[in-house]
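>>> Here is the input, now give the coordinates:
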Amino acid sequence: MIADVVLGLQHGDEAKGKVTHQLCSKGNYTHVIRFNGGCNAGHTIYHEGKKFVTHHIPAGVFFGIKSIIGNGCVLDPNQFFKELEELESGGIDTKGLIYIAKNCHVITNNHKEEDGKDSTIGTTKRGNGPAYRDKYSRAGMLAKDHPDLKPYLIDLHDEFWNHGEVKILCEGAQGFGLDIDWGDYPFVTSSHCLTSSVMLNAIPHYAIRDVWGVAKAYETYVGAKQFQPPHNKVFDHIQEVGQEFGATTGRVRQCNWIDLPFLKKSVQLNAVNKIVFNKVDVLRAVDHWSLKNNDGKTDFYEYYSTENDFTGRIEEFLADAVKDLEIHFSDNPHRI
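Numbers count the residues shown, from 1 in each chain. Modelled structure (predicted):
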């Protein structure tokens, strides 16, 4: 067994879908599995000239790879079947490719109704939090107990351990800054977004080969807390050029500069060995290159006059985070 991981290093919306899609196109994977989150995720994928936004279904389906919604996820059956229809209408053959872990928990209409009343932490109101709460209070519904999902059920242990060699791409949702334990609680998601969550899906730690951490050349956040410095026209420009609107909710994404100490912690705790920084083209268009740092007491900003100085500073800062770290700076919305 070999497993590669794609996860977010910031607060979601880092273009993990793009990276996963490209790895699927050339990685010879037997399976792609979503290992956390629910329909609060929105992975934007451009495939053969068409735009798709998936909330549940992994990117492997675009390449005829068996695609699984894993144990660590929560599933809205209505959204699931809607996505199947959208993929099929977009020319993607899903037959025999989409599966759901039998122990995945189900999001009910009651969960969505309850979540819709939130006004304090800025959730996507998709029912994920209440569904995870019921999971851990042992009051939830498993996918194997939902009659409409039975044709899609799969046993992860049997699938990964009893049918020859497998090569799995693990597709994460949200990002490290939204992790329920490591994020800025309570402004977090309801699942675990770290590499360690992969092991909830019948994948042992020793099978993990590459961990792809995905970030932007700046940071964005969607939620209730104040994240973007006020009265800053540069961030307004970034929002406009970068089309910073949530793929799930359509809400404007607040912007800020990369927080270097936070990024380093995210790389270390996720055992990342490859990083993709997306949307370098946005900062190039805005022509502003800045980073956020901390001297142990207060935050301060570093300003750079050129793109090379900016990328060089990031490489320098991360040099001692993980040995042999491979860094990619991407200026293309469709590929690394």
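>>> Only C-alpha atoms from now on, for both contacts and neighbour counts.
OK.
>>> Contact partners for the residue nearest to residue 107 when sequence neighbours are not counted?
Leaving aside its sequence neighbours, residue 107 sits nearest to residue 76 (Cα to Cα, 6 or more residues apart in numbering; 4.7 Å). Neighbouring residues of residue 76 by Cα atoms under 8 Å, 6 or more residues apart in numbering: 38-39, 106-108.
>>> out of these, who's nearest residue 268?
The shortest approach to residue 268 among the contacts of residue 76 belongs to residue 38, at 25.3 Å (Cα to Cα).
>>> List the residues that contact the closest residue in space to that closest one that isn't next to it in sequence.
By the measure of Cα to Cα, 6+ apart, the closest residue to residue 38 outside its immediate chain neighbours is residue 74, 4.9 Å from it. Taking Cα under 8 Å, 6+ apart, we find residue 74 in contact with 36-39, 104-107, 128, 131-132.
>>> For the helix or strand hosting residue 74, which strands pair with it and how are they oriented?
Per DSSP states H and E: residue 74 is located in strand 74-75. Using DSSP bridges, strand 74-75 pairs in its sheet with strand 105-106 (parallel).
>>> which regions of the stretch 101-250 of the chain sit below the pLDDT cut-off?
118-119, 122, 247-249 (pLDDT under 70).
>>> Closest to the centroid, which residue in the protein?
In the chain, the centroid-proximal residue (Cα atoms, centre = their mean) is residue 173; its distance is 2.9 Å.
>>> Could you check how far the one helix or strand residue 236 maps to is from the centre of its chain?
When secondary structure is defined by DSSP H and E, residue 236 falls within helix 233-242. For helix 233-242, the separation from the chain centroid amounts to 22 Å (computed by Cα atoms, centre = their mean, to the nearest Å).
>>> Contacts made by stretch 14-34 with the rest, please.
In contact with stretch 14-34 (Cα under 8 Å, 6+ apart) are residues 6-8, 43-46, 56-60, 62-63, 65-70, 73, 166-173, 214-216, 278, 333-336.
>>> again, but for stretch 226-244
Against stretch 226-244 from outside (Cα under 8 Å, 6+ apart): 220-221, 245, 252-256, 279, 282-283, 285-286, 288.
>>> Name the residues of it that are buried.
228, 235-236, 238-239, 242, 244 (16 or more other Cα atoms under 10 Å).
>>> ranges for the strands of the stretch 101-250 of the chain?
For the stretch 101-250 of the chain, strands defined by DSSP state E, counting those that start in this stretch occupy the ranges 105-106, 153-154, 167-171, 208-216, 219-221.
>>> Select, out of those strands, the one closest to residue 184.
Among those, strand 219-221 comes nearest to residue 184, with 11.6 Å by Cα to Cα.
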